[in-house]
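Chemist: Sequence first, predicted model second:
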Amino acid sequence: GFELLGSLVPSSRPSDIFRTGWAEHDQFLSLEPNQPAKINIGISIEPLDSVQNVTARQTPNSGTTALMAQKIGQDLFNFMSSFDTNGASGNQSIVVPANTFDRWWQRFERKIQRDPNFFLKNSE
């Protein structure tokens, strides 16, 4: 299927860079290194009203922002939990090495560069 990456509007947004996030898609993760992949790229020319309606739907609202914050927080919690040295099952605290947050932040920045919405695709 097709995935909407964004839109261009001649008066306010005549050019842009659209990130695909393909580096995180299962279809591409299962490929061997240097194995060619076939992709289809579609471009649609639409009336300005249609484009404005689509971009309005893409603008985050407070519900979306809260969901994004929750998903980012869950990603951080999952990452830090994987370093728990205290076996926090049943205990209400997690003991992790001091640099764990820095390591998560570096990982998060790499992933967000590849796909700005990666954390929304995670079902956890």
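Modeler: It's in. Numbers count the residues shown, from 1 in each chain.
Chemist: Number of residues surrounding Trp104?
Modeler: 19 (other CB atoms under 10 Å). Where you see a C-beta, it was placed from the backbone N, CA and C, and this is true even at glycine.
Chemist: Kindly report the same for the one 3 residues further on.
Modeler: As a burial measure, Arg107 scores 13 neighbours (other CB under 10 Å).
Chemist: chain center to the helix or strand harbouring it, what's the gap?
Modeler: Following DSSP states H and E, one finds Arg107 within helix 100-114. Remark: helix 100-114 is offset 12 Å from the chain centroid, using CA atoms, centre = their mean, to the nearest Å.
Chemist: before we move on, what about stretch 25-39?
Modeler: The answer for stretch 25-39 is 19 Å, by CA atoms, centre = their mean.
Chemist: start to end distance for that stretch?
Modeler: The first residue of stretch 25-39 is 13 Å away from its last residue (CA to CA, to the nearest Å).
Chemist: biggest helix in the chain, by residue count?
Modeler: helix 62-81 (DSSP state H).
Chemist: Quick check: mean pLDDT of that one?
Modeler: When pLDDT is averaged along helix 62-81, the result is 78.
Chemist: For it, C-alpha coordinates in PDB please.
Modeler: Extracted as PDB, the C-alpha positions of helix 62-81 are listed here (Å, rounded to 0.1, in the frame of the first residue of the first chain):
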ATOM      1  CA  SER A  62      -3.300  17.600  22.200                       C
ATOM      2  CA  GLY A  63      -4.500  14.000  22.100                       C
ATOM      3  CA  THR A  64      -1.900  13.100  19.600                       C
ATOM      4  CA  THR A  65       0.800  14.900  21.500                       C
ATOM      5  CA  ALA A  66      -0.200  13.100  24.700                       C
ATOM      6  CA  LEU A  67       0.000   9.800  22.800                       C
ATOM      7  CA  MET A  68       3.400  10.700  21.400                       C
ATOM      8  CA  ALA A  69       4.700  11.600  24.900                       C
ATOM      9  CA  GLN A  70       3.300   8.300  26.300                       C
ATOM     10  CA  LYS A  71       4.900   6.200  23.500                       C
ATOM     11  CA  ILE A  72       8.300   8.000  24.000                       C
ATOM     12  CA  GLY A  73       8.100   7.500  27.800                       C
ATOM     13  CA  GLN A  74       7.200   3.800  27.200                       C
ATOM     14  CA  ASP A  75      10.200   3.400  24.900                       C
ATOM     15  CA  LEU A  76      12.500   4.900  27.600                       C
ATOM     16  CA  PHE A  77      11.000   2.700  30.300                       C
ATOM     17  CA  ASN A  78      11.400  -0.400  28.200                       C
ATOM     18  CA  PHE A  79      15.000   0.500  27.400                       C
ATOM     19  CA  MET A  80      15.900   1.300  31.000                       C
ATOM     20  CA  SER A  81      14.100  -1.900  32.300                       C
END
